[in-house]
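Student: Okay, sequence plus prediction incoming.
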Amino acid sequence: MNNGSQAAPAQIVIFGITGDLSRKYLMPALYQLVNNKMLAPETRIVGVSRKDINTEELYQKLDLKSSLDNYNESSYEELKKITQMQTLDLDNLQDYQNLKHFLTEIEEAAGICMNQLFYLSVPPAAYPGIIKNLGESELNSGCHHGTGVSRILVEKPFGYDLDSANKLISETSLYFKEDQIFRIDHYVAKETVQNILTFRFQNHIFDAEWNNQHIAKIEVSAKEKIGIAGRAVFYEPLGALRDFIQSHLLQILGIVLMDKPNELSSDQIHQNKTKALNELVPIKLDNVGNLSVRGQYDTYKEEVSNASSQTETFAAIKIFSNDEKWQNVPLYLITGKGLDERKTEVKVTFKTNNDEPENSLIFRIVPNEGIEVDLATKKPGYGNELVSTAMNFSYAEDLKNDGHPNAYERVLVDAIKGDHTLFATSEEVLASWRIVQPVIDSWKINQPDLSIYELGSSGPDISHL
Ligand code: BG6
């Protein structure tokens, strides 16, 4: 059962409700929120689709039942009951005015003013048009007879490179204030990632050692077994650098490196995270060839039907920070699809003397969430040999009865409540694009070459980084 209070009544308007992301993450999360009674009874989900489909057809298409591991008939029916569909052509302003009318009717029927959440679960290229039309039809101003506010939720990547991100930020600001914008990075909402700050700051043994005097290197990696899972249209213009490093991995690195805030408030966390991201040194263009690896799994070109595709499904970069505390500590960001294992983790390796086994602290984000400390202990027996031993904390094993919300449940509830802590700010987004921009530029001119790796293997060699 989730902890936490029920969120205020809201209208959750989902653009792209029939899409992949909605089917895989969003609608299952909404089901769990209904099942755990986290949504106020007046809450409504409004699915927006270009096609004229009704709620029944939507649920048939989503085929949610088969993906839910705790399916419960009455919660499922409840979810269906609070879902309504609205046909809308993304480019047609009149359709947005109709949507406004539709939302007002729902509020009038309920007799209350609700927060409105516009969830853009569509390809990033569609964001500017939708944001403009939401603004032009005054769907950015909440309901006029009460205190409900209007918010947008957008998926990463926010922009396609530094210039387009800057442009998108200024275009969005014409219609939505920063506090109305919730830029989702669902990795930040994962429980172990949230635990990084708590663990660092509430355990003095680590807090005191969190600097280049004691830490030798930091690796943030996200390895996936799955390939692009049929999402050629989404992935082909994106690649691993934009899909994971610019967003998830840099967000996590910011959390690992940031200074301790005076209080764990949203503003202070963002301030310190932004500072940490701004201290990262972008790789010099002529050195990207040495400090990065780009790879593509061998069946990818065929999968996307593009024999000349240069899109990377594997990306690794090595960067440094200018922060005095972190100078000379190599920071590795590594991600790939079609690999031999599924594993997302942060590995902090401590300095040891030459002959001592490695001391490391590992935040296991996916799968088997938990925290592990690898320490040297005496090997049992007559001698004094050392052996590396893992001290393990596992959410599943150690906190059996304390089920926690998954990342998308958390994202939705926080957005309804208006809590920005786990969302990326425009400054963070720009700081991340600044880091990856030279890599984008260098990869465009094939520095380094794209290395092809076998699907299901450990990926390209990165040992020279
Ligand atoms: C998304 C990426 O943000 O995260 C996908 O676009 C990736 O490419 C997915 O597969 C992984 O998320 P999770 O939570 O399933 O590990």
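Tutor: Now that the structure is in, tell me what you want to look at.
Student: can we go C-alpha only for contacts and neighbour counts from here?
Tutor: Noted.
Student: least trustworthy helix or strand in this structure by mean pLDDT?
Tutor: Lowest on mean pLDDT, DSSP states H and E among the helices and strands of the chain sits helix 395-398, with a mean of 82.
Student: can you give me how far that helix is from the chain middle?
Tutor: 23 Å (CA atoms, centre = their mean, to the nearest Å).
Student: Would you mark the buried spots in it?
Tutor: Of the residues in helix 395-398, residue 395 count as buried by neighbour count, 16 or more other CA atoms under 10 Å.
Student: just the strands in the stretch 301-450 of the chain please.
Tutor: Assigned by DSSP state E, counting those that start in this stretch, the stretch 301-450 of the chain shows strands spanning 314-321, 331-336, 343-350, 359-366, 370-378, 386-394, 450-453.
Student: thinking again about what came up before, alpha carbons only: can I get the least confident helix or strand of the chain in CSV?
Tutor: Only the C-alpha atoms of helix 395-398 are listed here, as CSV (Å, rounded to 0.1, in the frame of the first residue of the first chain):
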residue,chain,number,x,y,z
TYR,A,395,14.1,-3.2,-1.0
ALA,A,396,12.4,-6.5,-1.8
GLU,A,397,14.2,-8.5,0.9
ASP,A,398,14.6,-6.0,3.7
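Student: circling back: now mean neighbour count, mean pLDDT and distance to residue 286 too, for the strands of the stretch 301-450 of the chain, in a markdown table please.
Tutor: What follows is those, written out as a markdown table (neighbours: other CA atoms under 10 Å; pLDDT from 0 to 100; distance: least, CA to CA, whole Å):
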| stretch | mean neighbour count | mean pLDDT | distance to residue 286 |
| --- | --- | --- | --- |
| strand 314-321 | 22 | 98 | 14 |
| strand 331-336 | 24 | 98 | 19 |
| strand 343-350 | 21 | 96 | 28 |
| strand 359-366 | 21 | 94 | 33 |
| strand 370-378 | 18 | 90 | 37 |
| strand 386-394 | 15 | 88 | 40 |
| strand 450-453 | 18 | 97 | 17 |
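Student: For residue 143, find the nearest of those.
Tutor: Checking the strands of the stretch 301-450 of the chain against residue 143 by CA to CA gives strand 359-366 as the closest, at 39.2 Å.
Student: Can you read off the pLDDT for the residue lying farthest from the centre of the chain?
Tutor: Distance to the chain centre peaks in the chain at residue 382, reaching 50.0 Å (criterion: CA atoms, centre = their mean). At residue 382, the model reports a pLDDT of 91.
Student: roughly how far apart are the nearest residue to residue 226 once chain neighbours are set aside and residue 313?
Tutor: Nearest residue to residue 226, sequence neighbours excluded (CA to CA, 6 or more residues apart in numbering): residue 338, at 5.1 Å. According to CA to CA, to the nearest Å, residue 338 and residue 313 sit 8 Å apart.
Student: Need the overlap of contacts for these two.
Tutor: Overlap of the contact sets of residue 338 and residue 313 (by CA atoms under 8 Å, 6 or more residues apart in numbering) consists of residue 297.
Student: Now do the contacts for the residue nearest to residue 226.
Tutor: By CA under 8 Å, 6+ apart, residue 338 lies in contact with 224, 225, 226, 227, 297, 313, 455, 456, 457.
Student: The same query, at a cut-off of 7 Å, please.
Tutor: 224, 225, 226, 227, 297, 455, 456 (CA atoms under 7 Å, 6 or more residues apart in numbering).
Student: Same question for residue 292.
Tutor: Contact partners of residue 292, counting by CA under 7 Å, 6+ apart, are 316, 317, 318, 465.
Student: before we move on, what about residue 243?
Tutor: Going by CA under 7 Å, 6+ apart, residue 243 touches residue 157.
Student: Assign it to one of the three secondary structure states.
Tutor: In terms of secondary structure, residue 243 is helix; the call rests on DSSP: H, G, I helix; E, B strand; the rest coil.
Student: need the helices for the stretch 1-150 of the chain, in chain order.
Tutor: Here the stretch 1-150 of the chain has its helices, by DSSP state H, counting those that start in this stretch, at 20-21, 27-35, 55-62, 73-81, 93-110, 127-136.
Student: Which neighbouring elements make contact with the fifth one?
Tutor: Where contact means 3 or more CA pairs under 7 Å, 6 or more residues apart in numbering; DSSP states H and E, helix 93-110 is packed against helix 127-136.
Student: Remind me what the helix it packs on packs against, helices and strands.
Tutor: Packing partners of helix 127-136 (3+ CA pairs under 7 Å, 6+ apart): helix 93-110.
Student: Residue 455 against residue 297, yeah?
Tutor: Yes. Between residue 455 and residue 297 there is a contact under CA atoms under 7 Å: 5.2 Å.
Student: Quick check: the closest residue to residue 61 other than its chain neighbours vs residue 288, distance?
Tutor: In space, residue 61 comes closest to residue 18 once its chain neighbours are excluded; the distance is 7.3 Å by CA to CA, 6+ apart. Residue 18 is 39 Å from residue 288, where distance means CA to CA.
Student: what secondary structure does the residue nearest to residue 344 when sequence neighbours are not counted sit in?
Tutor: With sequence-adjacent residues excluded and distances taken as CA to CA, 6+ apart, residue 344 is closest to residue 222, at 4.0 Å. Three-state assignment for residue 222 (three-state DSSP): strand.
Student: dump the residue contacts of residue 222.
Tutor: Taking CA under 7 Å, 6+ apart as the test, what residue 222 contacts is 334, 335, 336, 343, 344, 345.
Student: Now with 8 Å, please.
Tutor: Taking CA under 8 Å, 6+ apart, we find residue 222 in contact with 244, 249, 334, 335, 336, 342, 343, 344, 345.
Student: Neighbour-wise, which one of the contacts of residue 338 leads?
Tutor: In terms of neighbours by other CA atoms under 10 Å, these top out with residue 297 at 23 neighbours.
Student: Looks like that residue contacts residue 311 (just checking).
Tutor: No. Using CA atoms under 8 Å, residue 297 is not in contact with residue 311, being 10.0 Å away.
Student: Relative to residue 459, how far out is the residue nearest to residue 226?
Tutor: Residue 338 sits at a distance of 8 Å from residue 459 (criterion: CA to CA).
Student: what sits in contact with each of those two?
Tutor: With CA under 8 Å, 6+ apart as the test, residue 338 and residue 459 both reach residue 297.
Student: pLDDT weak spots in this structure?
Tutor: Where the chain drops to pLDDT under 70, the residues are 1-4, 144-146, 400-403.
Student: which residues sit against stretch 308-328?
Tutor: For stretch 308-328, contacts defined as CA under 8 Å, 6+ apart pick out 211-213, 236-241, 245, 276, 279-283, 291-297, 301, 329-338, 450, 459-460, 462, 465.
Student: how far does stretch 333-353 stretch from start to finish?
Tutor: End-to-end distance for stretch 333-353, by CA to CA: 25 Å.
Student: do the same with stretch 208-224
Tutor: By CA to CA, the extent of stretch 208-224 from end to end equals 33 Å.
Student: Residue 218: helix or strand, and which one exactly?
Tutor: strand 215-223 (DSSP states H and E).
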